[in-house]
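J.: fold the following for me, if possible:
(one chain, ligands or ions: 1)
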Amino acid sequence: MPLLHVDDVVVQFGGVTAVNHAQFEVEEGTITGLIGPNGAGKTTCFNVITGLQTPTSGKVLLDGRDITRMPVHRRSRRGIGRTFQRLEAFGSLTVADNVRTALDIHDGFSGIFRSANADIEHLLDRVGIAGYAQERADSVPTGVARLLELARALACDPRLLLLDEPSSGLDESETEAFGDLLKELASEGRTVLMVEHDMDLVMAVCDAIHVLDFGSIIAQGTPAEIRANKLVQKAYLGYADEADAADETKVMSL
Ligand SMILES: Nc1ncnc2c1ncn2[C@@H]1O[C@H](COP(=O)(O)OP(=O)(O)OP(=O)(O)O)[C@@H](O)[C@H]1O
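T.: Got it, this is the predicted structure:
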């Protein structure tokens, strides 16, 4: 049984159909990419999975259990964690205190309990930003702030981690290190579903990829299958003739 099953989900905003009968599964312990052009419905799908958006129709199943109507905080307790495309850290707190807040909330903040400094250091070290622990979150480079978001999500010990454009703001070597970290998380049994525009990263780390276009899944498969898929090339490039289809660097550089 897949860990996550998005089952025939439709989301309409007035006359706009943001998600159109989307159907896909995510296997436990894998890294799965959800890709597609701007406006394809990726973030809306994330919102449906995490409970920020109620679908017009369709279901979300976690471990076979219908969670479509479950509130956000209960989904979090069941192991769904998330980072956002827009950075959400508390700017006036230090990097370490941002992680402390996430740990406190996850552990059931009582006003007496304080999360252990060792746990905070471990999480910051894990994502490679321990050197920024005492800096204000609004003063660190974007790449560091992205990794802070990941540390905060990991503080909730998620089983299923949803990452919305996690490499945005990271330079090439940071992106490479980030890919290695994702693989480590998956090898520990965590499941990662990520929306990402960096195709080199997606192709390097994903076990499976689902492609959304105009709210519908138009292709699913391994990175090699997706790279060779004409429909995907068309959705990204606007055309796909023989010569262009053979030139996969065009797809990879999008
Ligand atoms: N709250 C909303 N109200 C009205 N329309 C919305 C709302 N949220 C999203 N949309 C529309 O739904 C469609 C899908 O948007 P969504 O943000 O899910 O796409 P996306 O694939 O994540 O795009 P991007 O890659 O640019 O982040 C777009 O046409 C968008 O304008």
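J.: buried ones in the host helix or strand of Tyr236?
T.: For Tyr236, the host element (DSSP states H and E) is helix 230-237. For helix 230-237, burial by neighbour count (16 or more other Cβ atoms under 10 Å) applies to 232-237. (Glycine included, C-beta is placed from N, CA and C.)
J.: quick one: contacts for Val9?
T.: Shown in contact with Val9 (Cβ atoms under 8 Å, 6 or more residues apart in numbering): 19, 21-23, 45, 48, 55, 57-60.
J.: now swap in Gly29 and tell me
T.: Residues touching Gly29, when contacts are defined by Cβ under 8 Å, 6+ apart, comprise 186-187, 189-191.
J.: touching, Thr83 and Ser168? I think so.
T.: No: here Thr83 does not reach Ser168: they are 10.6 Å apart, not a contact under Cβ atoms under 8 Å.
J.: neighbour count: these two, which is higher?
T.: Between Thr83 and Ser168, counted using other Cβ atoms under 10 Å, the more crowded position is Thr83 (24 against 15).
J.: and the gap between that one and Leu154?
T.: 10 Å (Cβ to Cβ, to the nearest Å).
J.: common neighbours of these two, please.
T.: Leu161.
J.: what ranges does the stretch 1-150 of the chain have for its helices?
T.: Using DSSP state H, counting those that start in this stretch, the helices found in the stretch 1-150 of the chain span residues 42-50, 72-77, 95-106, 117-127, 142-154.
J.: pull the first one out as PDB, backbone CA atoms only.
T.: The one in question is helix 42-50. C-alpha atoms of helix 42-50 as PDB (Å, rounded to 0.1, in the frame of the first residue of the first chain):
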ATOM      1  CA  LYS A  42       1.400  21.800  -7.600                       C
ATOM      2  CA  THR A  43       1.100  24.100  -4.600                       C
ATOM      3  CA  THR A  44      -2.700  23.600  -4.500                       C
ATOM      4  CA  CYS A  45      -2.100  19.800  -4.400                       C
ATOM      5  CA  PHE A  46       0.300  20.300  -1.500                       C
ATOM      6  CA  ASN A  47      -2.400  22.400   0.300                       C
ATOM      7  CA  VAL A  48      -4.900  19.600  -0.200                       C
ATOM      8  CA  ILE A  49      -2.500  17.000   1.200                       C
ATOM      9  CA  THR A  50      -1.600  19.100   4.200                       C
END
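J.: who's in contact with it?
T.: Applying Cβ under 8 Å, 6+ apart, the external contacts of helix 42-50 come out as 4, 6, 9, 11, 18-19, 22, 34-36, 53-55, 60, 72, 75, 80, 82, 85, 162, 164, 193, 195, 212, 215.
J.: list only those of those residues flagged as buried.
T.: Neighbour-count burial (16+ other Cβ under 10 Å) is assigned, among these, to 4, 6, 9, 11, 18-19, 22, 34-36, 53, 55, 60, 75, 80, 82, 162, 164, 193, 195, 212, 215.
J.: mark which of those residues are part of strands, please.
T.: 4, 6, 9, 11, 18-19, 22, 34-35, 60, 80, 82, 162, 164, 193, 195, 212 (DSSP state E).
J.: still on that earlier bit, most surrounded residue in the contacts of Gly29?
T.: Within these, Thr191 tops the neighbour count with 23 neighbours, counted by other Cβ under 10 Å.
J.: what is that one paired to in the beta sheet?
T.: With DSSP bridges as the criterion, Thr191 is bridged to Leu160.
J.: tell me, which of the contacts of helix 42-50 make contact with the ligand?
T.: 18, 36 (Cβ under 6 Å from any ligand atom).
J.: pull up the residues of this protein that are close to the ligand.
T.: 13, 16, 18, 36, 38-44.
J.: so how far is Leu163 from Ser187?
T.: According to Cβ to Cβ, Ser187 stands 17 Å off from Leu163.
J.: over to Cys156?
T.: Noted for Cys156: a distance of 14 Å to Leu163, by Cβ to Cβ.
J.: all set now, cheers.
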